[in-house]
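Asks: For reference, the sequence and a predicted model appear below.
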Amino acid sequence: MVSTRHHPKDFPSPSASKEVARASSSTASSRWVHTPSAALTAWLLISVPLVAWDAGYVLLRPHSMPGGKFHSPIWTPYALYGTIDYIYGWPAFNARNGFTAAQTVLNLAENVAYIYYLYVVYVHGVSVGTGGRGGKKAGKGLLWLLREEKVVSGRTGAIALLVAYTASVMTLSKTVLYWLNELFSGFDNIGHNDLTTLVFLWIIPNGLWIVFPSYNIYTLGAEILSSLETTSLGARPGRPKSS
């Protein structure tokens, strides 16, 4: 005779099934709680308007260049920068070099992604409470955005995380391409500068768009990886063995 003593283990009771479902639902919801980094938020609040300003100069050339009707006072600093990096100056413009405008269009695409991320964090972010994993409502403003510890939960937080990560990869890749373009062209656009000018007015300013996106990729990527690892722990153990 075949024993049926162990059937309760194979067919759990309805109450036990409900407990498992509730536990699974709780685990799933906790996986997608995004905690925005203060450094990332601060960087975006600085970089987004700077990139928009830069894009305005590039796309409005020659009117935004020295002598143009829109040059002063908005884009006056580019009178100097155009002599340091010819890709922003008259040599590249007169040569109809399309690289400047092409990378600017990508800059704007990244900016749209970053603005979306900031919007989600500001609108859907909830200040972390003192107890449990819930949050508490708080008055929102610039200081709240920069200093308050907050979370964005659920699918909205997950999408914002992916958007910020993807945009950061785009920013880093494009900036590295910008540097490699100079390297493989024999520093055609910046090679005329002395070392001091090159370091303080080209390497350091442009290097910020390598350092901070790299940091963002590291922190956001670690959060994505942690979520994937948590998901894998909730998967059913083992696979059917092939005969």
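Replies: Yep, that arrived. Predicted model, so just to flag it, every value in this text is computed and none were measured.
Asks: so Gly116 is in which element?
Replies: Quick fix: residue 116 is Tyr, not Gly. helix 99-124 (DSSP states H and E).
Asks: Give me the mean pLDDT for that helix.
Replies: The pLDDT scores in helix 99-124 average 97.
Asks: Correct me if wrong: Val169 contacts Ile217.
Replies: Yes - assessed by CB atoms under 8 Å, Val169 is found in contact with Ile217 at 6.0 Å. In this view, the C-beta of every residue, glycine as well, is placed from N, C-alpha and C.
Asks: quick one: contacts for Arg155?
Replies: Trp32 (CB atoms under 8 Å, 6 or more residues apart in numbering).
Asks: Next, name the residue at the spatial heart of the protein.
Replies: Ala164 (2.9 Å; CA atoms, centre = their mean).
Asks: For the residue lying closest to Lys150 once chain neighbours are set aside, which residues are in contact?
Replies: Counting by CB to CB, 6 or more residues apart in numbering, Lys150 lies nearest to Gly125, which is 4.1 Å off, once chain neighbours are set aside. The neighbours of Gly125, taking CB under 8 Å, 6+ apart as the test, are 36, 145, 150-152.
Asks: same check, this time on Lys69
Replies: Counted by CB under 8 Å, 6+ apart, Lys69 has contacts His63.
Asks: Which parts of the protein are helices?
Replies: Secondary structure of the chain, counting by DSSP state H: helices at 7-10, 14-31, 38-59, 78-84, 90-94, 99-124, 142-147, 154-184, 195-198, 204-233.
Asks: Need those helices in TSV (columns: distance to Met65).
Replies: Formatted as TSV, the helices of the chain follow (distance: least, CB to CB, whole Å):
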stretch	distance to Met65
helix 7-10	77
helix 14-31	50
helix 38-59	8
helix 78-84	7
helix 90-94	7
helix 99-124	12
helix 142-147	33
helix 154-184	20
helix 195-198	20
helix 204-233	19
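Asks: how much space between Ile203 and Ile74?
Replies: 25 Å (CB to CB, to the nearest Å).
Asks: pLDDT score for Lys137?
Replies: Reported pLDDT for Lys137: 52.
Asks: how many other residues sit next to Phe99?
Replies: Applying other CB atoms under 10 Å, we find 14 residues neighbouring Phe99.
Asks: Test my guess that it contacts Ile87.
Replies: Yes - at 6.6 Å, Phe99 and Ile87 qualify as touching, with contact defined as CB under 8 Å.
Asks: what residues are up against Val211?
Replies: Applying CB under 8 Å, 6+ apart, no residues qualify as near Val211.
Asks: same question, the one 10 residues further on
Replies: Residues in contact with Gly221, defined by CB under 8 Å, 6+ apart, are Tyr165.
Asks: now do 10 Å
Replies: Contact analysis of Gly221 by CB atoms under 10 Å, 6 or more residues apart in numbering lists 161, 165, 168-169.
Asks: Adding neighbour count and pLDDT as columns, could you present those residues in TSV?
Replies: Below are the contacts of Gly221 laid out as TSV (neighbours: other CB atoms under 10 Å; pLDDT from 0 to 100):
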residue	neighbour count	pLDDT
Leu161	23	96
Tyr165	19	98
Ser168	27	98
Val169	17	98
